[in-house]
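> Pasting the sequence and the predicted coordinates here, then a few questions.
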Amino acid sequence: MCHQSTSTPPMIPLRGRTQQQDQKVQCYEPATMKYLGYFPALSPTEDRVAQARKAQKVSEQGSWSGCFGFRLIQATLAAVGDPENLVDIITGFAETGEAFVASVDKIIFVGTPGVGKMIMRNAANTLIPVTLELGGKDAFIVCEDVDVFAQIAVRAALQSSGQNCAGAERFYVHRDIYSSFVGEIAKIVKSVSAKTTVSIQYYLLNICLGIFF
């Protein structure tokens with residue numbers, strides 16, 4: 001765990017689509033309000049952690065950034081007067097993840113197909129429903145009547161140095177605005193700086209894992 005507390009899971013007040021019961025977060029499907037039960041989140045190295053009221057295990061390769069993000073979340077919660085323990089970030093290796101999801105009502109996993117298959121096999125023993133996001137070629141569609149927000153498109157592709165499971169990898173641009181869109185993209189990309197050390201001045205850092213090449 002990234003925090004020093006040894007307290008039980010946070011108490012979640014009745015609000016919106018979640019409620020607290022027996023110290024577990026009760027979750028509902030937004031469209032149908034079907035009860036889904038208590039479930040954790042498992043995320044890869046690059047996944048952002050600022051999604052409140054949950055416990056989330058980050059990849060062992062993203063422990064530092066997970067804990068850094070956890071401190072930001074705590075500061076944000078404190079700034080708005082909410083308890084800082086509404087969110088927990090869990091670090092560790094495979095055995096930690098296995099223990100984390102051993103007795104839950106639903107599993108959401110973002111990561112590699114190999115681990116996704118393992119999770120599905122284990123979940124089948126107790127018929128736990130599973131939602132998997134195992135990567136792909138994310139499409140970014142630009143219609144002809146849209147204001148050309150090239151900065152958003154560049155951010156979608158390059159955020160986290162491109163190590164982002166939801167990052168845009170294919171752009172479909174309407175032919176009428178194609179030239180202007182590409183021109184704006186080129187201007188922004190040419191201005192992007194890169195460096196090997198962490199600094200707020202630089203947009204891109206090293207790709208540190210071979211799986212992202």
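It's in. Residues are numbered from 1 along each chain as shown.
> alpha carbons only for contacts and neighbour counts from here, please
OK.
> pLDDT weak spots in this structure?
Filtered on pLDDT under 70, the chain yields the residue ranges 1-54, 148, 194-213.
> Please save the CA atoms from stretch 55-65 in PDB.
Extracted C-alpha coordinates of stretch 55-65, given in PDB (Å, rounded to 0.1, in the frame of the first residue of the first chain):
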ATOM      1  CA  ALA A  55      -8.900   0.600  -4.400                       C
ATOM      2  CA  GLN A  56      -6.600   0.200  -7.400                       C
ATOM      3  CA  LYS A  57      -3.600  -2.000  -7.900                       C
ATOM      4  CA  VAL A  58      -1.000  -0.600 -10.300                       C
ATOM      5  CA  SER A  59       1.500  -2.600 -12.200                       C
ATOM      6  CA  GLU A  60       4.700  -3.400 -10.400                       C
ATOM      7  CA  GLN A  61       6.400  -1.500 -13.200                       C
ATOM      8  CA  GLY A  62       4.400   1.600 -12.300                       C
ATOM      9  CA  SER A  63       4.800   1.600  -8.500                       C
ATOM     10  CA  TRP A  64       6.500   5.000  -8.300                       C
ATOM     11  CA  SER A  65       4.100   6.800 -10.500                       C
END
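> What residue spans form the domains of the protein?
Split into domains by automatic domain parsing, the chain comes to 18-133, 139-212.
> Okay, residue 154 and residue 67: tell me how far apart.
27 Å (C-alpha to C-alpha, to the nearest Å).
> what's the answer for residue 146, then?
Plainly put, residue 146 is 38 Å away from residue 67 if you go by C-alpha to C-alpha.
> who's more crowded, these two?
Neighbours were counted for residue 146 and for residue 67 using other C-alpha atoms under 10 Å; residue 67 has more, 20 against 9.
> Just the element for that one, please.
Residue 67 belongs to helix 63-79 when assigned by DSSP states H and E.
> Partner strands of the helix or strand following that helix and their direction?
Downstream of helix 63-79, the next assigned helix or strand under DSSP H and E is strand 87-90. Applying DSSP bridges, strand 87-90 is found paired with strand 54-57 (parallel).
> quick one, which of the domains of the chain is packed in tightest?
domain 18-133 (a mean of 16; mean count of other C-alpha atoms under 10 Å).
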